[in-house]
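> this one's sequence-less:
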């Protein structure tokens, strides 16, 4: 059994996931870094090493979170290593953007599997552990696209809106076991994913942001750290938009 609380962060090799892992390590959590496969293992191990600079334990766990059995095996490995899981952050996600009239079934299914079914897969495995502990925090990373929809992101918006509904349903089911379930909806954050957008598209988005700038992964990580910490013990079923004012 770990002396520290334990956090499991999916999709944590870079960007927002990496920032979340580091923020939780800084707050004293042992951290399980999830990466999809061997091609990302080196990056995951680098994040684990960075987390350990804060005096906690950390390790990289490979699993495709769209695969139910892979999630079951990973959660078992994490629980075996540390004896507990106190915080689950469902951060893994992909985009396969396109207009609905041209979107392929593969594009749609891939995004739903990675962004929405993965949340079911991970919660289904972790929730029984948290119920036995009678304590836990689940934080789902959704998107402002799931709040207001985005043209050209029919599949992505659908997946992220579904996660919001799942968050609220789970919060109602699990509150009696002292498990909180909340979602964070990032806005336009400076990551590899958003970096691929054309300059014209970026400029159009910036015009809609009240603060007039893009967000940083650390902005999202700070919100996760708050929801995982003692100050958020009486908050559940909420969607926190960390978006610079793009949704108002």
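Now that the structure is in, tell me what you want to look at. What you are looking at is a predicted structure, and each value in this text was computed from that prediction instead of being measured.
> which SS class is residue 210?
Under DSSP: H, G, I helix; E, B strand; the rest coil, the three-state class of residue 210 is coil.
> from residue 187, how far out is it?
Here the distance between residue 210 and residue 187 works out to 10 Å (C-beta to C-beta, to the nearest Å). Where C-beta positions appear, they are placed from N, C-alpha and C, glycine not excepted.
> list the beta-bridge partners for residue 87.
Judged by DSSP bridges, the bridge partners of residue 87 are residue 7, residue 137.
> for residue 38, see how far away it is.
Separation of residue 87 from residue 38 (C-beta to C-beta) stands at 26 Å.
> more crowded one of those two?
residue 87 (27 against 8; other C-beta atoms under 10 Å).
> let me see the contact set for residue 20.
Counting by C-beta atoms under 8 Å, 6 or more residues apart in numbering, residue 20 makes contact with 9, 12, 89, 91, 217, 220-221, 224-225.
> check what pLDDT the residue nearest to the spatial centre of the chain gets.
Central residue of the chain (C-alpha atoms, centre = their mean): residue 91, 1.8 Å from the mean position. Per-residue pLDDT puts residue 91 at 98.
> same check on residue 69?
Residue 69 is given a pLDDT of 98.
> that one: what secondary structure?
Per three-state DSSP, residue 69 ends up helix.
> for residue 177, see how far away it is.
Using C-beta to C-beta, we find residue 69 at a distance of 25 Å from residue 177.
> ok, these two, which is more surrounded?
Neighbours were counted for residue 69 and for residue 177 using other C-beta under 10 Å; residue 177 has more, 14 against 11.
> pull the contacting residues for the more buried one.
Counted by C-beta under 8 Å, 6+ apart, residue 177 has contacts 130-131, 134-136.
> what's the longest strand in this structure?
In the chain, taking DSSP state E as the definition, the longest strand is strand 179-186.
> packing partners of that strand?
On a contact count with 3 or more C-beta pairs under 8 Å, 6 or more residues apart in numbering; DSSP states H and E, strand 179-186 meets helix 118-133, strand 136-141, helix 154-174, helix 217-228, strand 239-242.
> residue 68 and residue 121, how far apart?
Residue 68 sits 5 Å away from residue 121, going by C-beta to C-beta.
> for residue 24, that is, sorry about that
21 Å.
> more crowded one of the two?
More crowded of residue 24 and residue 121, by other C-beta under 10 Å: residue 24, with 29 against 25.
> chain neighbours aside, what residue packs nearest to that one?
Among residues not flanking residue 24 along the chain, residue 7 sits closest, at 4.6 Å (C-beta to C-beta, 6 or more residues apart in numbering).
> wait, doesn't the one you found sit right on residue 28?
No - with contact defined as C-beta atoms under 8 Å, residue 7 does not count as touching residue 28 (10.0 Å).
> in terms of neighbours, single out the busier of the two.
Using other C-beta under 10 Å, the more surrounded residue of residue 7 and residue 28 is residue 7, with 33 against 14.
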